[in-house]
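# Provided below for reference: sequence and predicted model.
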Amino acid sequence: MNRTHKRRLTIVGVVTVAVALAVALGVYALQQNMNYLLTPSQVQSGQASGYRTFRLGGMVKRGSIHRSDDSLKTTFIVVDADGAMPVEYTGILPDLFRDDQSVIATGHMDNAHFVATEVLAKHDETYMPKELKDAMAKAHAGKEIKAEAGTAAGGGNPDP
Amino acid sequence: MTRWIPLWLHRLSSPPTFYRFAGAVWPWAMGLALVAGAIGLYGALVLAPPDYQQGDAYRIIFIHVPSAWMSMFIYAVMAVASFVAVVWRIKLAEVVAMQSAPIGAAFTFITLVSGSLWGKPMWGTWWTWDARLTSELVLLFLYLGVIGLYHAFEDRRQGARAAGFLAIIGIINVPIVHFSVNWWNTLHQGSTINFFGTSKIAADMLWPLLVLTLATKLYYVASLCRRARADLLALEGNKAWVHELVAPEPAP
């Protein structure tokens, strides 16, 4: 490696590190806004106070879904590990919407409950045949173990 | 050249040698890619059982995930080749980097479109600005930027160096794409395949996915070999080895 190569190597190295640092600082500064959603416990601890509209993410509490008889209005409760939030929504819900499903609702707070303008279903990263799922459910019957993952993204391993 | 670079690699970086080498490699890579692709698709669309939650719609994973892996893998190859090209000015590295860009852009586009088609029925939306989707879109723009910058220069080698510099800096986005689902709350779910742990997918769904991943890798090798060969001929058009190649000595 001669002097020219070393000089180019230094320039490329310094510029790449500088840009990486700039991006890291930028992303760190935006951390609060980069979060796609807030959980019910985050909302209850006051983290949503700065937003007029925000996304609320969590699981639909089992048995909490109530559909109105004469309109598309649906009410349900979104829960996370230590919080719960009643949600009100008028409109068409995605196919995966049901008990114990992870959902993300966009909307605003109206006193103590959340009024959603859009409800998206979030599915987990688990894929298996129905028979296997049924067998697992049978094995877990009576223990009240939920096979479905929560809202937190799992993993930490190299794949997209 | 420095001693730590193996002699064979040094020799391979000469355009005529690489031209012959790539000519020998690409039919094998393409043939194996087609075989692996056929086996993988049969496993994916016929043998794999429907998902417990998403039914048959989950089969988009067999296109979406291998493409997404390729979009990042090709970017990494392009960035490493660009680094070699910018620092050592090796012509073959420029060719590999610049000819990888359109292939990578195509895989990124497939990833975004297949993800969108999957998102509508499952999530309830075609597109949302969460960290994973946005960073993958940025990856597509980086590819397009590299391609555009390369073609903006009159002198192709100068263009390759400028675009190579952009490709090197853009590598910062690749870990962001990968870890976005862990660093932030996203609509996109987390990792299914874990190389250092148990994967969250049944074995009879996993093997077609891995076979298709292999098929896309082989396709990239074949495609890159062919593109690099054509580009080398254009770049070295006035060199003796190309003249010998296109106008062989008439037999006596």
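Received, thanks.
# give me the number of residues near residue A:123?
22 (other CB atoms under 10 Å in any protein chain shown). In this view, the C-beta of every residue, glycine as well, is placed from N, C-alpha and C.
# cool, residue A:25 as well?
Neighbours of residue A:25 (other CB under 10 Å): 10.
# same question, the one 4 residues further on
When counting by other CB under 10 Å, one arrives at 10 neighbours for residue A:29.
# Show me how far whatever helix or strand it lives in is from its chain's centre.
Assessed by DSSP states H and E, residue A:29 sits inside helix A:3-34. On the basis of CA atoms, centre = their mean, to the nearest Å, helix A:3-34 is displaced by 30 Å from the centre of the chain it belongs to.
# and it, what other elements does it pack with?
Packing partners of helix A:3-34 (3 or more CB pairs under 8 Å, 6 or more residues apart in numbering or on different chains; DSSP states H and E): helix B:61-88, helix B:156-170, helix B:173-183.
# which secondary structure element contains the closest residue to residue A:87 other than its chain neighbours?
Nearest residue to residue A:87, sequence neighbours excluded (CB to CB, 6 or more residues apart in numbering or on different chains): residue A:114, at 4.7 Å. Using DSSP H and E, residue A:114 sits in strand A:113-122.
# Identify each buried residue in that strand, please.
A:114, A:116, A:119-122 (16 or more other CB atoms under 10 Å in any protein chain shown).
# Mind splitting chain A into its structural domains?
Partitioning chain A according to automatic domain parsing yields domains covering residues A:1-33, A:37-152.
# about what we covered before: partner strands of the strand holding residue A:114, with direction?
strand A:83-90 (parallel), strand A:102-110 (antiparallel) (DSSP bridges).
# Now the last one: buried residues?
Residues of strand A:102-110 classed as buried: A:102-107, A:109 (neighbour count, 16+ other CB under 10 Å).
# same check, this time on the shortest one
For strand A:83-90, a neighbour-count test (16+ other CB under 10 Å) marks A:83, A:85, A:87-89 as buried.
# Could you pull up the mean pLDDT of it?
On average, the pLDDT along strand A:83-90 is 90.
# quick one: contacts of that strand?
A:39-44, A:56, A:58, A:61, A:71-79, A:105, A:107, A:110, A:112-117, A:119 (CB atoms under 8 Å, 6 or more residues apart in numbering or on different chains).
# Pick the most buried one from the helices and strands packed on helix A:3-34.
helix B:61-88 (a mean of 22; mean count of other CB atoms under 10 Å in any protein chain shown).
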